[in-house]
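> okay, predicted coordinates and the sequence, questions at the end:
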Amino acid sequence: MSAKQARFVAEYLVDGNGTRAAVAAGYGQAGAPVAASRLIRNDKVQKALQARQSADATRLSNQREDVLKGLLEAVEAAKQQRDSAAMISGWREIGRMLGFYSPDMRHVAVSAGRKADHELCLYEAMSDAELLAIVATA
C-alpha cells in the first residue's frame, strides 16, 4: 500500500467522508470524489480499513460498555428520585449509543468501467434523497 493510500485510510476513519479523506491524503480537490471511490474499492485499502475498524471496535467496546453501565446507573438513580426528565434524558442518550436514531443506510454497489466514470461522478454528486428515489424505482 502506498503512503497516500495509508493516509487515505487514516483520514477516512475520522468521519467516513471519502472526498475529504482523499484531499487530506494529497489527491487533488477536483478529482477527489473519483479518487475516493476508486480507493474505497481497492482491495488493499479495504483490508486496511477492515483491520483498523476491527481493532477500534475491540478497543472501544470496553469503553462503550462502561459508558452504558454508567448511564444505566444514572437512569436508575433518577428513577429512585422520581426525576422523569433525567430518566428520559438518560434513555435518550442510551438510544443514541445503541444507534436507534441513526439514519437507515443503504449501500448500492455500482460497477463502472472507464466510460462510466462521468456517470459515476453524477451519482456521487446526488443527494441521499435523489439516490433513494432511483433505488426505489429499480
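Right, received. Where do you want to start?

> where does this protein have its least confident helix or strand?
The weakest-scoring helix or strand in the chain, judged by mean pLDDT, DSSP states H and E, is helix 117-125 (a mean of 76).

> ok, then the element right after it?
helix 128-137 (DSSP states H and E).

> what's the average pLDDT for that next one?
In this model, helix 128-137 has a mean pLDDT of 84.

> in it, which residues are buried?
By 16 or more other C-beta atoms under 10 Å, helix 128-137 has no buried positions at all. No exception for glycine: its C-beta is placed from N, CA and C like everyone else's.

> so where's this protein shaky on pLDDT?
105, 108-116 (pLDDT under 70).

> still on that earlier bit, packing partners of the least confident helix or strand of the chain?
helix 32-41 (3 or more C-beta pairs under 8 Å, 6 or more residues apart in numbering; DSSP states H and E).

> okay, the angle between whichever helix or strand comes after the helix it packs on and helix 32-41?
Per DSSP H and E, the first helix or strand lying C-terminal to helix 32-41 is helix 43-80. Inter-element angle recorded for helix 43-80 and helix 32-41: 90 degrees (by axes from the mean of the first three to the mean of the last three C-alpha atoms, to 10 degrees).

> so which residue is smack in the middle of this structure?
G16 (4.4 Å; C-alpha atoms, centre = their mean).

> buried sites along the least confident helix or strand of the chain?
120, 123.

> next: stretch 51-60.
Per 16+ other C-beta under 10 Å, stretch 51-60 contains no buried residues.

> can you tell me what sits against it?
9-10, 13 (C-beta atoms under 8 Å, 6 or more residues apart in numbering).

> restricted to strands, list these.
Among the contacts of stretch 51-60, no member falls in strands (criterion: DSSP state E).
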